[in-house]
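Student: I'll drop the sequence and a predicted model, then ask my questions.
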Amino acid sequence: MTTPTGRARALALIAVASAIALAFATPAALADDIPKAPGHRLVDHYQGAPATARPVPGDAPDQHPYLAPNGRSGMHADGAGSGTHPFSGPLGRDPQVSSEKIAAVGGECATATFDAGGRLVTVCGTFSGFLLKLLDPRTLDTLAEYKLPQRSSTVEAITRLDFEKIFKDTSGGAYFFLDNQDRVVLADSRQHVLRIAHRQKSDGAWEFTVENDWDLTPLVPHDCVSWTNLFPSGVCDPITSVMPDYDGRVWWVTRLGRVGTVDPATGALRSIRLDGEEIQNSFSVARDGVSIVSDHALYSFRADPDGTPRIQWRQTYDRGTGTKPGSVNQGSGTTPDLFGTGDRYVAITDNADDRMNVLVYRRGTGVPEAERLVCKVPVFRSGASTTDNSLISWGNSLVVENNYGYENPTTLTFGRSVVGGATRIDVRADGSGCDTVWESDVRSPSTVPKLSTANGLLYFYEKQPNPLGVDAWYLTAVDFRTGKRAWSRLTGTGPAYDNNWAPITIGPDGTAYVGVFNGIVAVRDGG
């Protein structure tokens, strides 16, 4: 499919933003809901039929000792990156939709986590800066808010009319985690790692409090674009993601290939550099180490006694010859999945030119190089195959979706969609290879999908092509066992409802949440 490029794309994005702002200026937009674009009465609001809960057998990943309980600790639900939730999401029984706009332009709430009381803890991106927010899980009302500094990519987008900078930037706090004391740990755009608690005051109001602020600028180049530094002469290396290891160290990675640690007890900082490599994804942790994928190779790390990251093993993959539409950079778009009984496997995708491959490797430091690769399975159709989202892993099964063709919210306007597709692949019980179990035609342009192990449903955020030009977005449930659609529920119409790489998150009360361009959407069963 063709999309606007260069200046034309920037102007198109401005036009979209202006249209959204105008929509919010109308009297109907005074409510908190995200307004729907014209055409929502011309499309089906519900398709399919309610599903019956059928829990999937198997054991959840180990509970990480320094993360909130599995299912509510981060973008990928747990330390292993499984993309699974132990809560039963909506079954499609008269599903109700609510939404909350965060800003007139922008406002997308990406990673969503849940504290011990079931309250939503999320980071929402606006043009003035990221907002750490505590939300009521039912009403989506803001209970507390903490403003994070503006990203350099936002300043560049506005001053240079290159909005692609924003959509290719994974830094600034989007990849955060909730620790075992319900504290948010994130890296902001100043190259600081923050640990932030929230509490209820005596008057009943909630507030965020910064407990720790670790300055990484001695190790990370930070001459970044800002309103007071529009033409920097040095290097800016944004921090992509943070995660704890099983000893409690906070690991961090940067876009330009730096891998480091913070010792929370002493504040000691250590780092190494993967020269010439870029890291744009989050990473996963287990007892046997920290798994990180760059745009060149998959790594397993451990920390030396002083906290310095040490490579246990490195595995290159086919990174292709360029960045595909639907990818942030030239390389794997996945956070590694650590799965299989007994810490057996790690999975990513590559960036092979014709068809992307799902790659499964054996973990462990004693695996001979010739035996590390378990399988290499090509997925989706020739010339239209990529993903920039983590796989789902459960037991020996993997689910991958196709993001080929999606680049930003202008990509799918006027009723357009992507080629789509999702595939389940299982590793054989004896580890001798992998088999394709099913293929689905679900069109999920850019979401991080999730599996509810409690009911056996996969959740995608879908957009089908529409001959009338209506941009209709749906939460779609797919049977994990068969790949067949169960039901789809309309969430809204127009670019304000585009999720733009945000994940689906299943809450403890059974609600499915989706971050969208202007805020957050919630879908829950009626009654």
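Tutor: Ah, there it is.

Student: Can you get me a residue count around residue 275?
Tutor: Residue 275 is flanked by 7 other residues according to other CB atoms under 10 Å. From N, CA and C alone the C-beta is placed, and that goes for glycine too.

Student: Please tell me I have it right and it contacts residue 257.
Tutor: Yes. Taking contact to mean CB atoms under 8 Å, the distance of 6.7 Å between residue 275 and residue 257 places them in contact.

Student: shaky segments in this structure?
Tutor: Applying pLDDT under 70 to the predicted model, the residue ranges of the chain that meet it are 1-31, 165, 167-168, 342-343.

Student: Swap in 90 and give it another go.
Tutor: Scanning the chain for pLDDT under 90 picks out the ranges 1-32, 59, 103-107, 110, 125-129, 150-174, 226-228, 341-343, 408-410, 527.

Student: Helices of the stretch 101-250 of the chain, start to end?
Tutor: For the stretch 101-250 of the chain, applying DSSP state H, counting those that start in this stretch gives helices covering 152-160, 164-167.

Student: Could you dump the ones you listed into a markdown table and include distance to residue 176 and mean neighbour count?
Tutor: Below are these laid out as a markdown table (distance: least, CB to CB, whole Å; neighbours: other CB atoms under 10 Å):
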| stretch | distance to residue 176 | mean neighbour count |
| --- | --- | --- |
| helix 152-160 | 17 | 19 |
| helix 164-167 | 18 | 19 |
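
Student: so which of these gets nearest residue 173?
Tutor: For the helices of the stretch 101-250 of the chain, distance to residue 173 was read as CB to CB. The smallest value, 12.7 Å, belongs to helix 152-160.

Student: How about residues contacting the closest one?
Tutor: The set of residues external to helix 152-160 that reach it, using CB atoms under 8 Å, 6 or more residues apart in numbering, is 10, 127, 129, 162-166, 168-169, 171-172, 189, 224-227, 230, 236, 238.

Student: Among these, the buried ones, what's the PyMOL command?
Tutor: If you want just the buried ones from the contacts of helix 152-160 in PyMOL, going by 16 or more other CB atoms under 10 Å, the selection is:
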select buried, resi 10+127+129+162+163+164+165+166+168+169+171+172+189+224+225+226+236+238
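
Student: Counting only strands, which of the contacts of helix 152-160 make the cut?
Tutor: Assignment to strands by DSSP state E places the following of the contacts of helix 152-160 there: residue 129.

Student: Excluding chain neighbours, what is closest to residue 212?
Tutor: In space, and not counting its chain neighbours, residue 212 is closest to residue 195: 4.0 Å by CB to CB, 6 or more residues apart in numbering.

Student: quick one: that neighbour and residue 170, what's the gap?
Tutor: Using CB to CB, to the nearest Å, one obtains 20 Å as the distance from residue 195 to residue 170.

Student: looking at it, residue 126 is touching residue 101, isn't it?
Tutor: No. At 10.9 Å, residue 126 does not count as touching residue 101 under the criterion of CB under 8 Å.

Student: Overlap of the contact sets of these two?
Tutor: Overlap between the contact sets of residue 126 and residue 101, as judged by CB under 8 Å, 6+ apart, is given by residue 107.

Student: shouldn't residue 194 be in contact with residue 185?
Tutor: Yes. In this structure residue 194 lies within contact range of residue 185 using CB under 8 Å: 7.2 Å.

Student: Pick out whichever of the two has more residues nearby.
Tutor: For residue 194 versus residue 185, neighbours defined as other CB under 10 Å are more numerous around residue 185 (26 against 23).

Student: looking at the sheet around that one, what are its partners?
Tutor: residue 177, residue 195 (DSSP bridges).
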